[in-house]
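Colleague: Sharing a sequence plus its predicted fold:
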Amino acid sequence: MNDFVLYSVVSVILIAIGLHALIVQEHLLRKLLALNVTSSGIFLFIVAIAHRNSTTFPDPVPHAMVLTGIVVAVSVTAFALALVRRLHARTGRVVLHEEEGLE
Amino acid sequence: MIESAIDLLLAAAIIAVAASALHSRDLFRGVVLFIVFGFLMAIAWVRLNAPDIALAEAAIGAGLTGALLLDTVGQIGRRKENEVAPARIRVIAPLLVVPLAILLGIAVWSLPRTSAGLTALAESRIAESGVSHPVTAVLLNFRSYDTWLEVAVLLTALVGLLTLARRGTPAGPNERRPPEPMLAGATALLIPVMILIGGYLLWRGTHAPGGAFQAGAVVGAAGVLLILAGYDPFRRLPDPAPRAIAVLGVFGFLAIAAVSALSGSPFLALAPRHAGSLILAVEIAVAASVALTLTALFAVARRVAAMPPEIHSEQEDDETKARSAGPEESR
């Protein structure tokens, strides 16, 4: 099977798994893991495109985009984790429920 | 034939590990599986001929993200239950996600199996870019604007963390513990090697896979290792130095923009004569900045607490008012 087709199908499955977990899981850290899995799926698709476009070397522009994306994903994860810690320190739980405000 | 088998096995493993990481009952187990997923992705990048991304994913995506996640799980506690949404959402979610996946799959399947992309364009201009590695040329010359903003995003995350954290020394674990002997010994051996590897990756990025972010990630990991061993990597730095180094990346690109503006070139354009040395200078600034910011992200996260002492919450103000109103009412 062509590399491009295989990895782009895998990327679609990863995006789907990540989105599903993002919706269904209530624990904020699990939502964060789901977001990261979805991001990895998107990066996988972009790099598969770069692999498809290669001649002497793979297409470098999608590679640069994914490198940027990985760093941005880490930044988002670090900040989100700080928010999770703050929420846990204030309320003792790591889920958000609509009925209760922040006591 | 063998290669297709490897790719198929890798694809199956990636999907299986991702699914079990997201739905495991134990949060700690989920995070560990997520780190494994990160390393499997790094292997996938190698299979897709993307070694720069493999380096970055292994160091930043799996390594540093894993360290941050584990540290957070250590603070909030590993959960044995799986809090899931109410049944109504659990039914609707697959109904939304599966059609989306099918549509994406159809869109992906109908893409042409071969295409030109921007490879030829990059290849034709790489001689005047100042470096010989195409990804570095794109990252630090052709698309340096994106890299500039990326470094700014990293800085913004650090600033965001600083607003949430208790004021104090820039780093340091919450409890002052003596360094654990095993970890301290291993750290003493690893830190010099990691700094050397970081420097090598930085220099190598001009002609082979490597570059500023990979180098910064390795040195940042060294800083995290120091913190885990019980040391404070920021202790020896005089006060403005950590903040100055953190903004060094953004200001490096700003200097490039100033140079290009003053010499009449287009914004952020590098004249081929000076491109090589300018790129190396910016890469050093970015690597230092990324290394310090990644270490600081780990360090400051440990200081995120409920209420910084100098800011009163509304709850505290209400309590104070209630207490002062109480004695008056009872009279």
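Modeller: Arrived safely, thanks for sending.
Colleague: Which residues are in contact with residue B:150?
Modeller: A:68, A:71, A:72 (CB atoms under 8 Å, 6 or more residues apart in numbering or on different chains). From N, CA and C alone the C-beta is placed, and that goes for glycine too.
Colleague: what's the helix or strand for it?
Modeller: Using DSSP states H and E, residue B:150 sits within helix B:144-164.
Colleague: hey, C-alpha coordinates of that helix in CSV?
Modeller: Output of helix B:144-164 as CSV, limited to C-alpha atoms (Å, rounded to 0.1, in the frame of the first residue of the first chain):
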residue,chain,number,x,y,z
SER,B,144,11.1,33.0,9.1
TYR,B,145,8.0,35.0,9.9
ASP,B,146,6.2,31.9,11.1
THR,B,147,9.2,30.9,13.2
TRP,B,148,9.3,34.3,14.8
LEU,B,149,5.6,34.1,15.8
GLU,B,150,6.2,30.5,17.0
VAL,B,151,8.9,31.7,19.4
ALA,B,152,6.5,34.4,20.5
VAL,B,153,3.8,31.8,21.2
LEU,B,154,6.2,29.9,23.4
LEU,B,155,7.0,33.1,25.3
THR,B,156,3.3,33.9,25.7
ALA,B,157,2.7,30.5,27.3
LEU,B,158,5.5,31.3,29.8
VAL,B,159,4.0,34.7,30.6
GLY,B,160,0.6,33.0,31.0
LEU,B,161,2.0,30.6,33.5
LEU,B,162,3.7,33.4,35.4
THR,B,163,0.4,35.1,35.9
LEU,B,164,-1.0,31.9,37.5
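Colleague: Longest helix in the chain, please.
Modeller: I went with chain A, as the question did not name one. Longest helix in chain A, counting residues (DSSP state H): helix A:60-91.
Colleague: wrong one, I was asking about chain B
Modeller: Secondary structure assigned by DSSP H gives helix B:275-301 as the longest helix of chain B.
Colleague: Excluding chain neighbours, give the residue nearest to the residue most central in space within chain B in space.
Modeller: By CA atoms, centre = their mean, chain B has its centre lying nearest to residue B:60, at 5.0 Å. Spatially, and ignoring its direct neighbours in sequence, residue B:60 is nearest to residue B:217 (4.7 Å; CB to CB, 6 or more residues apart in numbering or on different chains).
Colleague: what's the answer for residue A:23, then?
Modeller: Closest residue in space to residue A:23, ignoring its immediate chain neighbours: residue B:93 at 4.3 Å, by CB to CB, 6+ apart.
Colleague: Could I get the contacting residues of that neighbour?
Modeller: So residue B:93 contacts A:20, A:23, A:24, B:85 (CB under 8 Å, 6+ apart).
Colleague: Buried only: go through those residues for me.
Modeller: Among those, the ones that count as buried by 16 or more other CB atoms under 10 Å in any protein chain shown are A:20, A:23, A:24.
Colleague: Just send those residues back as CSV, with secondary structure and pLDDT too.
Modeller: What follows is the buried ones among the contacts of residue B:93, written out as CSV (DSSP: H, G, I helix; E, B strand; the rest coil; pLDDT from 0 to 100):
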residue, secondary structure, pLDDT
A:20, helix, 96
A:23, helix, 94
A:24, helix, 93
